[in-house]
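K.L.:
okay, here's the prediction I keep looking at, along with the sequence it came from:
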Amino acid sequence: MTDLNTSAASWAAGMTLDRVPSAVIESTKLRILDLIGVMLAAKPLPLVAAVRQAALSLDAGRGARILGDTQDVSPMAAAFVNGVMTAVLEFDDTHIESFIHPTAPVVSVAFPEAVRRHATGAELILAVLVGSELTCRLGRITPVRLHTLGFHPTAVFGVFGGVYGLATLRGHGAGVIADAIGAAGSLSAGLNASFEDGSSTKMMHVGMAATGALRALALAEAGISGPRPVFDGRFGWFRSHVQGREDLRFDALCDGLGEAWEVLNIAAKVHPCAFTMMPHIECAIALRDRHAIAPEDVAGVTCRIGKRSFATVCEPVADKRRPATTWHGRISLQHTVAEALVRGRMDKDAYAEEALRDPAINRIADLVEYEDEPETTATRSGGMVTVRLYDGRVLSHRIDDMRGTRANPMTEADVLRKFRANVDGVLTPSQADRAIDALLRLETASDVAPLFDGLAG
C-alpha cells in the first residue's frame, strides 16, 4: 500500500493549473491579494522591524527580498520576516474546520522564490494552491484537537505546506517532495504557550515554519532521504503528536484530491483577530449602530460562542478582560466585544495599546459573559451577542455564518476594500491600483517580479 507521504507528493508533482476549476483559481488569486495587503499593513510595525534586524543578523546572504522591501537578503531572512508579517495582525485567512491559517506559510516562501525565479503568475498560483490545499487536508486528519494539546496548528502544519508550495515552484518530482516532507516532520513545531501571556513567539510561528520548509527542501535536493511514513507510520507525526488516539482520519489527506477542493473552505478575515470572535464583532457593531448604544448605556453583555473556543479566547477570564499585549487582545473575546461596542470598528488599527487601557472599554470587558453556542460546528462559524442596557432594554443580534466563510463569502469588492484599507499609508493610491490590476490578472503574468517590485513603498 502506498503511504500518505508518497501519495500526496505524487499529486503535488503532477498537478497542473489547467486541471483546476476556474472558481478555485479565482479564489486562490484573491487569497494571494488578501495576504499581500495583510503583510504590507504589518510592515511599519516595530515588531516587524525588530524581527527583520534579528533575521539579518543571523542569516546573511543574498538572492531574495522581503515583501515590500528593496534590500537583497537571504532566502531564509525573507521567508522568516514574510511569515511574521502574515501573522502579526492576526488578519490572515483561516480554514474553519482545522483552525489552520493555510495560505500564510506558503506565500512566505513562495513570494521571494517566485521573484527570484521570474516565475509566471500561473506558476505562483499553482504553488500557493498546492501548498494550501494539502495543508488544509492535513489539518482535517485530526481537526481542532491540537489546540487542546497545546500545539498551534498553523505552526506545526505550516512547514509541510511551505515545502509543497516551494517544491511546486521549483518543479520537483515526487521523490524529492516526499523526502523533503519527511524531513519537515522533524522540523514541525509550535506551542500555544504565548496564548497564556500574550508574548510575541506565537507571531513568529509562520516565519519559523517557512524557514523550516526551505531547510527541509534543501536537504532533499542534496539527496538526503526523509521517512516515507512521516504521517501515518507507527512513529509518524500524528501518532507521536496525538498520542493515545486511533481515530485519525488519514483518508482526509488524499481522498478526492483535485476533485473536492478544500481551499474553498478557507475563510478570509473581516477583522484582525481569532476567527471565532469575528461574528461577535459584527453583532456588537450592528447593535451599536442600529440602537445608537453609548458605552455608558451598557449594563451587561452575553456572548454565545462555540465551547471549543472557551479555552483559547474566553479563559482565564481575568487575563482576557485585561490583555497583556496587543496580540493578547486579539484572542480575547471580552476585550474584543468591548472595543467593538465602544469604537464601532475593528480594522488594522484595532487593539492598540491605548485601546487596551481605555477605561470605557475595560468597564465593558468586565461585563462580558459567555455561554455555549451549540449551532457552531466544524464547518460553520457563527455566534450571538446580547446587550443589556440600563434603561431596561435587552438587545440581541445573531450571525449564523460569518462573512468570509463559504456559506457567506466575501465578494471580490469586499476583499479589494480590505486590501486598500490595509495598504493605506504604505502604498500610494496609484501603487495600490496597479497592484490590484496585476493581481486580478495574475494568471496572465509572464513574470511576477515587476508586480512585487511595485510593492515597495
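P.N.:
Alright, I've got the coordinates. Just so it is clear, the structure is predicted and the values come from calculations on it, not from any experiment.
K.L.:
list the contacts for residue 100?
P.N.:
Counting by Cβ atoms under 8 Å, 6 or more residues apart in numbering, residue 100 makes contact with 94, 135-136, 139, 153-154, 157-158. Backbone N, C-alpha and C define where each C-beta goes, glycine included.
K.L.:
the helices in the stretch 1-150 of the chain, which residues?
P.N.:
Assigned helices in the stretch 1-150 of the chain, in chain order: 4-14, 22-42, 46-58, 75-87, 103-117, 121-141, 145-149 (criterion: DSSP state H, counting those that start in this stretch).
K.L.:
I'd like the contacts of residue 100 written out as a markdown table, with neighbour count and pLDDT added.
P.N.:
Output for the contacts of residue 100, formatted as a markdown table (neighbours: other Cβ atoms under 10 Å; pLDDT from 0 to 100):
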| residue | neighbour count | pLDDT |
| --- | --- | --- |
| 94 | 26 | 95 |
| 135 | 32 | 98 |
| 136 | 27 | 97 |
| 139 | 25 | 96 |
| 153 | 25 | 96 |
| 154 | 29 | 97 |
| 157 | 30 | 98 |
| 158 | 37 | 98 |
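K.L.:
which one of those is nearest residue 292?
P.N.:
residue 94 (32.3 Å; Cβ to Cβ).
K.L.:
surely the closest one touches residue 269?
P.N.:
Yes: look at residue 94 against residue 269 with Cβ atoms under 8 Å: they come within range, at 6.7 Å.
K.L.:
pull up the overlap in contacts between those two.
P.N.:
residue 275.
K.L.:
quick one: name whatever helix or strand follows whichever strand or helix holds residue 161.
P.N.:
Following DSSP states H and E, one finds residue 161 within helix 153-170. Using DSSP H and E, the helix or strand that follows helix 153-170 in sequence is helix 174-184.
K.L.:
and that next one, how far from the chain's centre?
P.N.:
Remark: helix 174-184 is offset 24 Å from the chain centroid, using Cα atoms, centre = their mean, to the nearest Å.
K.L.:
which elements pack onto it?
P.N.:
helix 4-14, helix 153-170, helix 205-221 (3 or more Cβ pairs under 8 Å, 6 or more residues apart in numbering; DSSP states H and E).
K.L.:
quick one: buried residues of the helix or strand following it?
P.N.:
Sequence order places helix 194-197 as the next helix or strand after helix 174-184, per DSSP H and E. Using 16 or more other Cβ atoms under 10 Å as the test for burial, helix 194-197 gives 194-195.
K.L.:
for helix 194-197, packing partners?
P.N.:
Packed next to helix 194-197, using 3+ Cβ pairs under 8 Å, 6+ apart, is no helix or strand.
K.L.:
burial count for residue 328?
P.N.:
22 (other Cβ atoms under 10 Å).
K.L.:
surely it is in contact with residue 197?
P.N.:
Yes: counting by Cβ under 8 Å, a contact exists between residue 328 and residue 197, whose distance comes to 7.3 Å.
K.L.:
returning to what we had before: in JSON lines: the contacts of residue 100, plus distance to residue 383.
P.N.:
Formatted as JSON lines, these follow (distance: Cβ to Cβ, whole Å):
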{"residue": "94", "distance to residue 383": "15"}
{"residue": "135", "distance to residue 383": "26"}
{"residue": "136", "distance to residue 383": "23"}
{"residue": "139", "distance to residue 383": "22"}
{"residue": "153", "distance to residue 383": "21"}
{"residue": "154", "distance to residue 383": "22"}
{"residue": "157", "distance to residue 383": "26"}
{"residue": "158", "distance to residue 383": "27"}
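K.L.:
if we can go back for a sec, pick the most deeply packed of the helices and strands packed on helix 174-184.
P.N.:
helix 153-170 (a mean of 29; mean count of other Cβ atoms under 10 Å).
K.L.:
so how far is it off the chain centroid?
P.N.:
Mean-position distance between helix 153-170 and its chain equals 13 Å (Cα atoms, centre = their mean).
K.L.:
just the CA atoms of it, as CSV, please.
P.N.:
C-alpha atoms of helix 153-170 as CSV (Å, rounded to 0.1, in the frame of the first residue of the first chain):
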residue,chain,number,x,y,z
PRO,A,153,-1.9,24.0,14.2
THR,A,154,-0.6,26.7,11.8
ALA,A,155,2.9,26.3,13.1
VAL,A,156,3.0,22.5,13.0
PHE,A,157,1.4,22.1,9.6
GLY,A,158,2.8,25.2,8.0
VAL,A,159,6.2,23.7,7.4
PHE,A,160,4.6,21.0,5.2
GLY,A,161,2.5,23.5,3.2
GLY,A,162,5.7,25.5,2.7
VAL,A,163,7.5,22.5,1.3
TYR,A,164,4.7,21.6,-1.1
GLY,A,165,4.4,25.2,-2.4
LEU,A,166,8.2,25.7,-2.7
ALA,A,167,8.7,22.3,-4.4
THR,A,168,6.0,23.1,-6.8
LEU,A,169,7.6,26.3,-7.8
ARG,A,170,10.9,24.5,-8.3
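K.L.:
which other helices and strands contact that helix?
P.N.:
Applying 3+ Cβ pairs under 8 Å, 6+ apart, we find helix 153-170 packed against helix 4-14, helix 103-117, helix 121-141, helix 145-149, helix 174-184, helix 205-221.
K.L.:
that older thread, export the helices of the stretch 1-150 of the chain to a markdown table and tack on distance to residue 250?
P.N.:
Below are the helices of the stretch 1-150 of the chain laid out as a markdown table (distance: least, Cβ to Cβ, whole Å):
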| stretch | distance to residue 250 |
| --- | --- |
| helix 4-14 | 6 |
| helix 22-42 | 24 |
| helix 46-58 | 36 |
| helix 75-87 | 28 |
| helix 103-117 | 22 |
| helix 121-141 | 6 |
| helix 145-149 | 14 |
